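Q: From the sequence below, what's the structure:
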Amino acid sequence: MTAIVINIALFFIGLGLFLGLMRFVKGPTAADRAVATDTLSVIGIAGLVLLAYVYDRYIYVDLALVYAVLGFIGIIVIARFIERAL
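A: Residues are numbered from 1 along each chain as shown. You can find the predicted model right below:
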């Protein structure tokens with residue numbers, strides 16, 4: 001992968017993080033914030049996979065997998081909490 005492609009990917013990851021953080025801060029409901037949290041988690045996982053490729057350290061892929069599982073469990077917990085609050 002060339003440096004231009006990596007820079008473009010980093011730009012879009014940064015843009016996604018910015019937009020996700022805006023939704024997290026601005027979100028009028030708890031459900032909006034939960035979706036933003038899940039989105040930020042997925043974008044973070046994409047960043048870890050990109051770092052694994054750039055630095056040729058594939059331990060980051062394992063870290064991304066663990067982060068994905070923990071993020072999924074966290075979103076399930078948040079959804080259950082929101083469901084009970086309604």
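Q: hey, let's count contacts and neighbours off CA atoms from now on
A: Fine.
Q: what about Phe81, neighbour count?
A: Residues near Phe81, counting by other CA atoms under 10 Å, number 11.
Q: Would you mind measuring from the residue nearest to the spatial centre of the chain to Ile82?
A: Centroid-nearest residue in the chain, with CA atoms, centre = their mean: Ser41, separated by 2.3 Å. As judged by CA to CA, to the nearest Å, Ser41 and Ile82 stand 19 Å apart.
Q: host element of the closest residue in space to Ile78 that isn't next to it in sequence?
A: Closest residue to Ile78 apart from its sequence neighbours, by CA to CA, 6 or more residues apart in numbering: Ala34 at 6.9 Å. Using DSSP states H and E, Ala34 sits in helix 30-55.
Q: and that helix, how far out from the chain's middle?
A: Relative to its parent chain, helix 30-55 has a centroid offset of 1 Å by CA atoms, centre = their mean, to the nearest Å.
Q: for stretch 79-86, same thing?
A: For stretch 79-86 - counting by CA atoms, centre = their mean - the centre lies 22 Å from the chain centre.
Q: quick one: buried residues of it?
A: Buried residues in stretch 79-86, counted by 16 or more other CA atoms under 10 Å: Ala79.
Q: Need the residues that contact it.
A: Contact with stretch 79-86 is made by 30-31, 34, as judged by CA atoms under 8 Å, 6 or more residues apart in numbering.
Q: contacting residues for Phe24?
A: Here Phe24 is in contact with 32-34, 36-37 (criterion: CA under 8 Å, 6+ apart).
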